[in-house]
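Undergrad: Structure for the following, please:
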Amino acid sequence: MNLLLASLLSILMDSEIFSLIILPVLIFIARIADVTLGTLRIVFISQGRRKLAPIVGFFEIFIWLLAIGQIFNDFTNIFYYIAYSGGFAMGNYVGLIVENKISLGLLSLRIMLEESPDNLINTLKSQGYGLTSMTAEGIQGNVKLVIMIIKRKNLEKILEIAKELSPDAFISIEQVQSVKGGIFPPKSKTRWDLLKRKKG
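TA: Numbers count the residues shown, from 1 in each chain. Next up, the predicted model:
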């Protein structure tokens with residue numbers, strides 16, 4: 001049985017179907033994987049995640065070596081080059097989607113308003129967000145400045161609140177590597193947390 005399987009695999013690998021279709025598809029998929037990991041590695045480095053970045057980098061370069069090794073085996077196959085380039089392009093797209101979905105890291109928000117920010121501040125405080133407010137001088141006079149350090153996954157929600165309560169506010173967003181202390185909203189309860197509470 002093993003001999004038969006080995007012979008079938010040998011025939012498949014020597015066939016044109018393998019070299020023209022199967023292997024280019026594998027190169028394409030491998031390239032997507034390694035570029036996606038590369039995007040995540042850069043994010044982890046920028047956030048100072050010293051343990052995650054090297055692990056992701058290891059798998060990134062390991063997959064890349066597998067893909068580039070197949071091209072070195074046959075420089076004349078144009079399908080390999082197309083698959084490699086296409087995988088790189090798609091990997092950048094997928095990497096950005098994945099990075100956006102996992103929403104890792106912290107952001108610094110500066111919200112500048114000409115009107116009173118009391119309604120916005122009270123709403124954000126009631127939802128557990130820490131913030132600092134002050135009066136600053138703008139080009140047309142005094143403005144109110146609200147400064148926040150938030151988790152990236154909360155950005156969209158805060159922008160919706162700001163848009164609803166202070167549609168004319170000017171908002172700047174910057175990435176933060178690390179903070180010490182601070183006030184953040186409590187984590188939402190998951191089903192696992194509820195099950196543990198019931199068992200307890």
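Undergrad: Phe28: how many residues sit nearby?
TA: Per other C-beta atoms under 10 Å, the neighbour tally for Phe28 reads 22. All C-beta spots, glycine's among them, are computed from the backbone N, C-alpha and C.
Undergrad: Just the pLDDT for it.
TA: Note on Phe28: pLDDT of 93.
Undergrad: For Ile68, see how far away Thr39 is.
TA: 18 Å (C-beta to C-beta, to the nearest Å).
Undergrad: where are the low-confidence patches of the protein?
TA: 1-18, 177-184, 186-200 (pLDDT under 70).
Undergrad: Could you pull out the strands in it for me?
TA: 106-113, 132-138, 141-151, 170-176 (DSSP state E).
Undergrad: Compare Thr39 and Ile68 and say which is more crowded by neighbours.
TA: Higher neighbour count among Thr39 and Ile68: Thr39, with 20 against 15, using other C-beta under 10 Å.
Undergrad: How about the contacts made by the residue nearest to the spatial centre of the chain?
TA: Centroid check for the chain by C-alpha atoms, centre = their mean gives Glu99 as the closest residue, at 1.1 Å. Glu99 is in contact with 39-40, 43, counting by C-beta atoms under 8 Å, 6 or more residues apart in numbering.
Undergrad: Distance to Leu106 for the residues you listed - can I get that in JSON lines?
TA: JSON lines is the format used below for the contacts of Glu99 (distance: C-beta to C-beta, whole Å):
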{"residue": "Thr39", "distance to Leu106": "19"}
{"residue": "Leu40", "distance to Leu106": "17"}
{"residue": "Val43", "distance to Leu106": "12"}
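Undergrad: follow-up on the earlier one: tell me which of the strands of the chain is the most buried.
TA: Ranked by mean neighbour count, those are led by strand 106-113 with a mean of 18 (mean count of other C-beta atoms under 10 Å).
Undergrad: Could you please name the strands that one pairs with and the direction of each pair?
TA: strand 141-151 (antiparallel), strand 170-176 (antiparallel) (DSSP bridges).
Undergrad: Can I get the first one as PDB, trimmed to CA atoms?
TA: The one in question is strand 141-151. Presented in PDB, the C-alpha positions along strand 141-151 are these (Å, rounded to 0.1, in the frame of the first residue of the first chain):
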ATOM      1  CA  GLY A 141      -9.100  81.400  20.200                       C
ATOM      2  CA  ASN A 142      -9.500  78.900  23.000                       C
ATOM      3  CA  VAL A 143     -10.400  75.300  22.400                       C
ATOM      4  CA  LYS A 144     -11.100  72.300  24.600                       C
ATOM      5  CA  LEU A 145      -8.600  69.500  24.300                       C
ATOM      6  CA  VAL A 146      -9.500  65.900  25.400                       C
ATOM      7  CA  ILE A 147      -6.600  63.400  25.500                       C
ATOM      8  CA  MET A 148      -7.200  59.700  25.800                       C
ATOM      9  CA  ILE A 149      -5.100  56.500  25.700                       C
ATOM     10  CA  ILE A 150      -7.300  53.700  24.400                       C
ATOM     11  CA  LYS A 151      -7.100  50.100  23.200                       C
END
